[in-house]
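Engineer: heads up, no residue letters with this:
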């Protein structure tokens, strides 16, 4: 299932179930799992590990060296899980020594046309980056987070699980889990209720997360407010996840 016009490095390791289209270039130590499809003119550079049943569309570039002037050719990696889609002209870069050396992407995510994932990013599963959304280096994105078109995240920003980033938003601070943000200088506008309902979160969970959003995201709650939510979190894992994220933020959160 390899087109004769494709150029594949001898050290690359492709499962027999991989499909490679015309004029594809696979360079360096690349490992690709069964069922993955690589369309025409895509470029993959190693060191890079790609799992099963991914679809890499035409002109996507995976595993290119970082756009970081501190990078001087040191060995670094790109690791990609299973069942992801990388649409036309999307780009994902390898890690750097200063960032741990590995850019990681989980499984079941969609990177639409022209989306960009920079060096050392750590991305969970079921993530969507719409057209031309971009992550700068060292960004972290939790499971089920969604970026609208042309949204951008600053270096080292953390985007919590189930967060929703409106199109054209500029993220310069951490976005807590379950929160919607929007704006040229992004601000928190509410809980991602519709997304959470679709994923099976109960009405009681949405109520307590909404209260946390109003008291700790929109405002900086005092010790008494924190104590109240910490007590409630003992029986509500989603609330505990939100509290832990806010407490761990070093950049500050989007309010």
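Structural biologist: That came in fine, so what should we check first? No experiment lies behind these values; they were computed from the predicted model shown.

Engineer: got the residue ranges for the helices in the stretch 151-255 of the chain?
Structural biologist: Under the criterion DSSP state H, counting those that start in this stretch, the stretch 151-255 of the chain contains helices at 193-198, 203-212, 223-232, 237-248.

Engineer: would you format those helices as CSV with mean neighbour count and distance to residue 135 included?
Structural biologist: From N, CA and C alone the C-beta is placed, and that goes for glycine too. Below are the helices of the stretch 151-255 of the chain laid out as CSV (neighbours: other Cβ atoms under 10 Å; distance: least, Cβ to Cβ, whole Å):
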stretch, mean neighbour count, distance to residue 135
helix 193-198, 14, 19
helix 203-212, 16, 25
helix 223-232, 13, 30
helix 237-248, 17, 18
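
Engineer: low pLDDT regions in the stretch 151-255 of the chain?
Structural biologist: Within the stretch 151-255 of the chain, no stretch has pLDDT under 70.

Engineer: quick one: residue 185 and residue 152, what's the gap?
Structural biologist: 12 Å (Cβ to Cβ, to the nearest Å).

Engineer: nope, residue 105 is what I was after
Structural biologist: Counting by Cβ to Cβ, the gap from residue 105 to residue 152 is 18 Å.

Engineer: neighbour count winner among these two?
Structural biologist: For the pair residue 105 and residue 152, the greater number of neighbours falls to residue 105 (25 against 20), based on other Cβ atoms under 10 Å.

Engineer: where's that one relative to residue 82, distance?
Structural biologist: 10 Å.

Engineer: try residue 11
Structural biologist: 23 Å.

Engineer: which of those two has more neighbours?
Structural biologist: It is residue 82, of residue 11 and residue 82, that has more neighbours when counted by other Cβ under 10 Å, with 17 against 13.

Engineer: who touches that one in this structure?
Structural biologist: 33, 51-54, 107-108 (Cβ atoms under 8 Å, 6 or more residues apart in numbering).

Engineer: picking up where we left off before, save the helices of the stretch 151-255 of the chain as JSON lines, and put in distance to residue 20 too.
Structural biologist: Shown next, in JSON lines, are the helices of the stretch 151-255 of the chain (distance: least, Cβ to Cβ, whole Å):
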{"stretch": "helix 193-198", "distance to residue 20": "36"}
{"stretch": "helix 203-212", "distance to residue 20": "45"}
{"stretch": "helix 223-232", "distance to residue 20": "52"}
{"stretch": "helix 237-248", "distance to residue 20": "40"}
